[in-house]
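Undergrad: Need coordinates for the following:
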Amino acid sequence: MHGMALSSVVATSEAAREAVGRHHSRRKGPGQCRSVNVQFVAAPVSVVWSLVRRFDRPQEYKQFVRGCALREGDGGVGSVREVEVASGLPASSSTERLDALDDERHVMSFSIVGGDHRLRNYRATTSLHGAADGKAGTVVVESYVVDVPPGNTEEDTVAFVDTIVRCNLRSLACVAEGIAGAGDR
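TA: Alright, predicted model coming up:
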């Protein structure tokens, strides 16, 4: 796991700890790597979730996404989106399927099912949790499992994917905090 320790930032309730264990303990298979990243967001869960749950609008906070169009579905589970990736990355598009969307538990999972990149069998889960110790805010936990591309090491793959995930999580924090701050005015 990278970033903060989960136990220090996730709400201390048994239910929250159980949810993190359930959603972010996916085992990696042979030839795969995995990672878990954590980001504190100084905004309510409702504000952060309003951004994360929009499978059809990842560009609202993911800075490496230039555009997105739904190819199948209405944005619910089973929907497939075509993501246009920003220039400068070793890809121009990614095809992704929404595997889970739980508005009550604030959990979203998706898989990459195609595209012109080397991330095969990529599966990610994002969950939101109220902050611990009476802090106002949200703890976002994002985990993934992906195949290590031929010619790459596990460490190189984790470093590459973690860089993108962390940038997206920091961007999510900035956007959500901006929305929450605008509501205070």
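
Undergrad: got the buried residues for the helix or strand harbouring C167?
TA: Using DSSP states H and E, C167 falls within helix 154-183. Neighbour counts over helix 154-183 (16 or more other Cβ atoms under 10 Å) mark 157-158, 160-162, 164-166, 168-169, 171-173, 175-177, 179-180 as buried. Where C-beta positions appear, they are placed from N, C-alpha and C, glycine not excepted.

Undergrad: From the chain's centroid, how far away is it?
TA: 8 Å (Cα atoms, centre = their mean, to the nearest Å).

Undergrad: avg pLDDT for that helix?
TA: Summarised as a single mean, pLDDT over helix 154-183 is 94.

Undergrad: What is it packed up against?
TA: If contacts are counted by 3 or more Cβ pairs under 8 Å, 6 or more residues apart in numbering; DSSP states H and E, helix 154-183 sits against strand 32-41, helix 45-52, strand 138-147.

Undergrad: Need the winner for burial among these.
TA: Stretch with highest mean neighbour count among those: strand 138-147 (a mean of 24; mean count of other Cβ atoms under 10 Å).

Undergrad: which secondary structure elements does that one contact?
TA: Strand 138-147 sits against helix 14-23, strand 32-41, helix 45-52, strand 123-130, helix 154-183, with contacts defined as 3+ Cβ pairs under 8 Å, 6+ apart.

Undergrad: Distance to D102 for the ones you listed - can I get that in TSV?
TA: Below are these laid out as TSV (distance: least, Cβ to Cβ, whole Å):
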stretch	distance to D102
helix 14-23	9
strand 32-41	18
helix 45-52	10
strand 123-130	9
helix 154-183	18
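
Undergrad: what about these, which gets the closest to Y144?
TA: strand 123-130 (4.2 Å; Cβ to Cβ).

Undergrad: In this structure V80 contacts C68, no?
TA: No - look at V80 against C68 with Cβ atoms under 8 Å: they stay out of range, at 11.0 Å.

Undergrad: Out of the helices and strands packed on helix 154-183, the one nearest S92 is which?
TA: Taking Cβ to Cβ, strand 138-147 is the member of these nearest to S92, at 18.7 Å.

Undergrad: what's the burial count for the residue lying closest to V107 once chain neighbours are set aside?
TA: Spatial nearest neighbour of V107, excluding adjacent residues (Cβ to Cβ, 6 or more residues apart in numbering): S127 at 4.6 Å. Neighbour count for S127, taken as other Cβ atoms under 10 Å: 23.

Undergrad: Would you mind confirming that R71 is in contact with R81?
TA: Yes - counting by Cβ under 8 Å, R71 does reach R81; the two are 6.6 Å apart.

Undergrad: who touches both of these two?
TA: Shared contacts of R71 and R81, defined by Cβ atoms under 8 Å, 6 or more residues apart in numbering, comprise T95.
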